[in-house]
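Enquirer: Pasting the sequence and the predicted model now:
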Amino acid sequence: MPDWFEIVLRTLLAVGVLFVMTKVLGKRQVSQLSLFEYITGITIGSLAAYISMDLDTDWYLGLVSLAAWVACSLGIEFLQLKSKKMRDFFDSKGTVLIRDGKVLEENLKKERLTTDELMEQLRKRSAFKVADVEFAIMEPNGEINVLLTRDNQPLTPKHLGIKVAPEKEPQAVIMDGEIMDEALATIGFNRGWLKTELDKIGVTIENVFLGQVDSYGQLYVDLFDDKIMVPVPQEKASLFATLKKCEGDLMLFGLTTKNKAAKEMYEHCSKQMEDIIAQLKPVLKR
């Protein structure tokens, strides 16, 4: 049997053995890597060490083994893309740990997860009581995701029936003391506007390590000299948030009051506030 063919067979055998052993170890061992990604990382490192350090054998055999491994890995990834069954086989399925506020002890034993470890993962997701958790699942990569009960979920504008404008990404307009003209053009500003804003806070472009413009059209800067304190602009954001809070409060008062006249008044005021915000939005929020 040729040496290179024997190396390929030994590599494929190692794939199977490592996969089975990692399956036995369970999801805790992979920690946010899929099973095969975990195996691949270990093996490629070992093969690289073999190629570098083993002087008693032909070095090209290590390259053959590495190439066979990479080909096998690519083949498995292709199968995973094409088939749900293959994804379930190689990466396994998620395991439900908590359902309806009840811990599923058998599934904890299956994943060899202790109660202390479960509580630690829940605390990382701001869930300090199991009763506050509606659903918790251990993903194939070993991460635990949690769905809190409706009573313990954060209140959002959607819960109040309030529609909010989409948040635009901040644009970096200064980097390492250099102006990013493309980013400025994206948000509709120019160098003249930027110079005016820098003059307001008393700094020059050369002293700015990073400058960003948020969705309110306000400039935030970080200077090379960290000892210099720069005021953070909040006027537009604060005013916009206050107006939205007023609109939400008026809407909430209208929904909760039982007095018909008061309900009509609150709804009318809420509509007026909505119109005011719509008119001011181009100025307050870009």
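Expert: Yep, it's here.

Enquirer: what number of residues lie near the residue nearest to residue 171 when sequence neighbours are not counted?
Expert: Take residue 171 and drop its neighbours on the chain: the residue closest to it by C-beta to C-beta, 6 or more residues apart in numbering is residue 183, 4.2 Å away. C-betas here are computed from N, CA, C, even on glycine. By the other C-beta atoms under 10 Å criterion, the neighbourhood of residue 183 contains 18 residues.

Enquirer: Give the next helix or strand downstream of the host helix or strand of residue 183.
Expert: Per DSSP states H and E: residue 183 is located in helix 181-186. Using DSSP H and E, the helix or strand that directly follows helix 181-186 along the chain is helix 191-201.

Enquirer: For that next one, report the contacting residues that lie outside it.
Expert: Defining contact as C-beta atoms under 8 Å, 6 or more residues apart in numbering, one finds that helix 191-201 is touched by 173-174, 179, 181, 184, 204-205, 208, 211, 219, 221, 230-231.

Enquirer: CA atoms of the helix holding residue 183 as PDB?
Expert: What follows is helix 181-186, C-alpha atoms only, in PDB (Å, rounded to 0.1, in the frame of the first residue of the first chain):
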ATOM      1  CA  ASP A 181     -15.500  62.300   3.200                       C
ATOM      2  CA  GLU A 182     -17.500  59.300   2.100                       C
ATOM      3  CA  ALA A 183     -19.100  58.900   5.500                       C
ATOM      4  CA  LEU A 184     -19.900  62.600   5.700                       C
ATOM      5  CA  ALA A 185     -21.600  62.400   2.300                       C
ATOM      6  CA  THR A 186     -23.600  59.400   3.400                       C
END
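
Enquirer: sorry, back to before: residues touching the residue nearest to residue 171, list them.
Expert: Residue 183 neighbours (C-beta under 8 Å, 6+ apart): 171, 172, 173, 213.

Enquirer: Leaving out the residues flanking it, which one is nearest to residue 184?
Expert: The shortest distance from residue 184 to any non-neighbouring residue, by C-beta to C-beta, 6+ apart, is to residue 173 (5.2 Å).

Enquirer: State the three-state secondary structure for that neighbour.
Expert: Under DSSP: H, G, I helix; E, B strand; the rest coil, residue 173 falls in the strand class.

Enquirer: which residues in the stretch 101-250 of the chain form strands?
Expert: Secondary structure of the stretch 101-250 of the chain, counting by DSSP state E, counting those that start in this stretch: strands at 102-103, 133-138, 144-148, 171-175, 178-179, 208-213, 219-223.

Enquirer: Can you list the buried residues in the third one?
Expert: Neighbour-count burial for strand 144-148, with 16 or more other C-beta atoms under 10 Å as criterion, is recorded at 144, 146, 148.

Enquirer: number of nearby residues for the residue nearest to residue 184?
Expert: Residues within reach of residue 173, counting by other C-beta under 10 Å, total 28.

Enquirer: Do I have it right that it meets residue 214?
Expert: No. Using C-beta atoms under 8 Å, residue 173 makes no contact with residue 214, being 10.9 Å away.

Enquirer: that older thread, flag every buried residue along the helix holding residue 183.
Expert: Neighbour-count burial for helix 181-186, counted by 16+ other C-beta under 10 Å, picks out 183, 184.

Enquirer: still on that earlier bit, tell me which residues touch the residue nearest to residue 184, please.
Expert: For residue 173, the contacting residues are 179, 180, 183, 184, 187, 189, 194, 211, 212, 213, 219, by C-beta under 8 Å, 6+ apart.

Enquirer: Take these and write them to CSV, including distance to residue 163.
Expert: Shown next, in CSV, are the contacts of residue 173 (distance: C-beta to C-beta, whole Å):
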residue, distance to residue 163
179, 36
180, 32
183, 28
184, 30
187, 23
189, 27
194, 32
211, 31
212, 26
213, 24
219, 28
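
Enquirer: ok, these vs residue 92, which is closest?
Expert: residue 212 (41.9 Å; C-beta to C-beta).

Enquirer: Please name the nearest non-neighbouring residue to the closest one.
Expert: residue 170 (4.6 Å).

Enquirer: Verify the contact between that neighbour and residue 214 for me.
Expert: Yes. Counting by C-beta under 8 Å, residue 214 is a contact partner of residue 170 at 5.0 Å.

Enquirer: so how far is the helix holding residue 183 from its chain's centroid?
Expert: In terms of C-alpha atoms, centre = their mean, to the nearest Å, the centre of helix 181-186 is found 26 Å from the chain centre.

Enquirer: How about the helix or strand encompassing residue 90, which residues are buried there?
Expert: Here residue 90, judged by DSSP H and E, is contained in helix 84-91. By 16+ other C-beta under 10 Å, the buried positions in helix 84-91 come out as 87, 90, 91.
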